[in-house]
Every structure is written in C-alpha cells, then in structure tokens.
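Student: take this sequence and fold it.
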Amino acid sequence: MKHQFLILVFSVVAFCSCAVKAQQKAEPSKDLFSYEHHIVNGDTLNYRMLLPKNFDESKTYPVVLMLHGAGERGNDNKKQLAHGSQLFLKEKNRDSLPAIVIFPQCPSGDYWSKLEADRSTKPITFNYKYKDAPTTAMALMMDLMDEIVAQPYVKTDQVYAMGLSMGGMGTFEIIYRKPEMFAAAIPICGGGDPESVTAYAQTIPLWIFHGAKDDVVDPKLSLNMASAIISAGGFPKLTLYDFANHNSWDPAFAEPELLNWLFSKTK
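Tutor: Numbers count the residues shown, from 1 in each chain. Below you'll find the predicted structure:
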C-alpha cells in the first residue's frame, strides 16, 4: 500500500512538472524583447523593445508604450515585463496586430507620475502635481518616445499608451503632457488630475479599467477621471470589475477585444 501511495505521489509530481514545462514551452520567450537603454544628460532609462515579426524598415508600424507598476521599478531591465508582455508575445496578436512595443523601466525611488503619496491611508492618498516639471523617469520616457516616433517606420497616427497602477497614473499623465502624440490610451487601476483632461478628452479615446475592491489605488480615482472626461466632452470606455482588487490588470489583459479596440483607433 505504501509503495502504491509513493508511486501515486511520484506520478502526480511528474505530471505537474511536465505540465509546467509544457506551459513554459508554450509561452514565447520574453527574450524576444531586446535590451535597450536611453541616456539623456547622464540619466538612463532602461527599456525592452519588441519588434514585429519580419520587421522591415521600409514599412510602417504602430507603437505601443506599456508602463509597469511600482513593484517592477529597478535597473535590471527585466522586472517591467512581469505583467502584459505575454499579451504582445502571443502568436495570434503578433500575426494580426504587428507593432513595436516599448516597456521602459522606472528606476527605483522614482515614479512615472508627478505626485505626492500618503501611504498611511488605505487606499493610498495621491496628490497629483502636473503643473510641476515631470519626474526624471517621465522626462526620459517622453524624450525616448519623441525619438522613436520620429523614425520613418512608425505609424505616427497609431501611437498608444497603456499602463497599470503607477503605470496607469503615468498613462494619464503622459497623454496630458503629450496629447498630440497618442491615438488612444488604456490606464489600468490608476488615477490622475481630473483638471488635466481638457488637454485630451475630445481627441484621445480611453478605455479605463479598475477593480471595485481595490484597496491600494482607490477605484474612485478612475471614476473621477472618467467623469471629468465626460464633462469635458469626451466619451471614455470604462470597465469596473466587481470581483477584482488591485490586480485588475489580469482580467483587463484577458479582455478578448482589448488590442483590437486599441489598434482600431487612429488620430
């Protein structure tokens, strides 16, 4: 009986191990994203870049900027691919929606968005400072995007911004600071300054996501931004997941029409 039990346990472990290996084999490697860096006046912004299959500089492609959350900050140029990279690595998406995808990494201690955060409250309280100069990370990212969009192989009417948590806040801020650049944006579990939306409310379509149970970034921050956009004459798409806490990026990235919606928008 004991031997049968051991054989059963071994079989289960072996099956699980094979299943994990099969899943890992099925997922395209993140190494398809090249390792890059952008330097301005001695400051460095690391980023990863995914080019379309059979990239041809004589053709033109959309560009997607994807901004990570606070937990992926650093200088390893790897952690920023934790969430969202597999969405763009899927063969179906690479075949039907070829694009240049940029994943910058915010250095530790910096932030995409210019803000003050009070972490003594739950959810965290944010005070946005858009009228101040951008953070170093945001300034480097804007300079990088200027450089990329200037390339002849970029479809300048199809440049998009996406981000989650800290990156969702960065998404709201970069379309405020550079509204002429972007054709659409997807901020996930973020927030921003409602007074800033007049810069883009009528020109940049947004699909805003949040989890109603989010106890890190208050879902009302996204609702306030959506309400402000409507008041300013815009028509945002808003998805509030009743079941999701802060990780609303998981169901957002699983939305079957997410990228189709994004790539359907042009300036």
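Student: on the three-state scheme, the residue nearest to Val159 when sequence neighbours are not counted is what?
Tutor: Sequence neighbours aside, Val63 is the residue nearest to Val159 in space, at 4.8 Å (criterion: Cβ to Cβ, 6 or more residues apart in numbering). Glycine gets a C-beta too; all of them are placed from N, C-alpha and C. Using DSSP: H, G, I helix; E, B strand; the rest coil, the three-state assignment for Val63 comes out as strand.
Student: tell me who's in contact with Val63.
Tutor: Going by Cβ atoms under 8 Å, 6 or more residues apart in numbering, Val63 touches Ala99, Ile100, Val101, Ile102, Met145, Ile148, Val149, Val154, Lys155, Gln158, Val159, Tyr160.
Student: and those residues as TSV, adding distance to Trp112, neighbour count and pLDDT?
Tutor: Output for the contacts of Val63, formatted as TSV (distance: Cβ to Cβ, whole Å; neighbours: other Cβ atoms under 10 Å; pLDDT from 0 to 100):
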residue	distance to Trp112	neighbour count	pLDDT
Ala99	21	22	98
Ile100	20	23	98
Val101	17	26	98
Ile102	13	22	98
Met145	13	21	98
Ile148	17	18	98
Val149	18	17	98
Val154	22	16	98
Lys155	24	17	98
Gln158	22	21	98
Val159	17	25	99
Tyr160	16	25	99
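Student: inside helices: which ones of those?
Tutor: Those of those mapping onto helices are Met145, Ile148, Val149, per DSSP state H.
Student: including distance to Arg177, could those go into CSV?
Tutor: Compiled in CSV, the ones in helices among the contacts of Val63 are given as follows (distance: Cβ to Cβ, whole Å):
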residue, distance to Arg177
Met145, 10
Ile148, 16
Val149, 14
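Student: returning to that earlier point: and which of the contacts of Val63 is nearest Phe55?
Tutor: Ile100 (8.2 Å; Cβ to Cβ).
Student: this structure: strands as residue ranges?
Tutor: Along the chain, counting by DSSP state E, strands occupy 34-40, 43-50, 61-67, 100-105, 115-118, 125-128, 154-164, 184-188, 207-211, 237-241.
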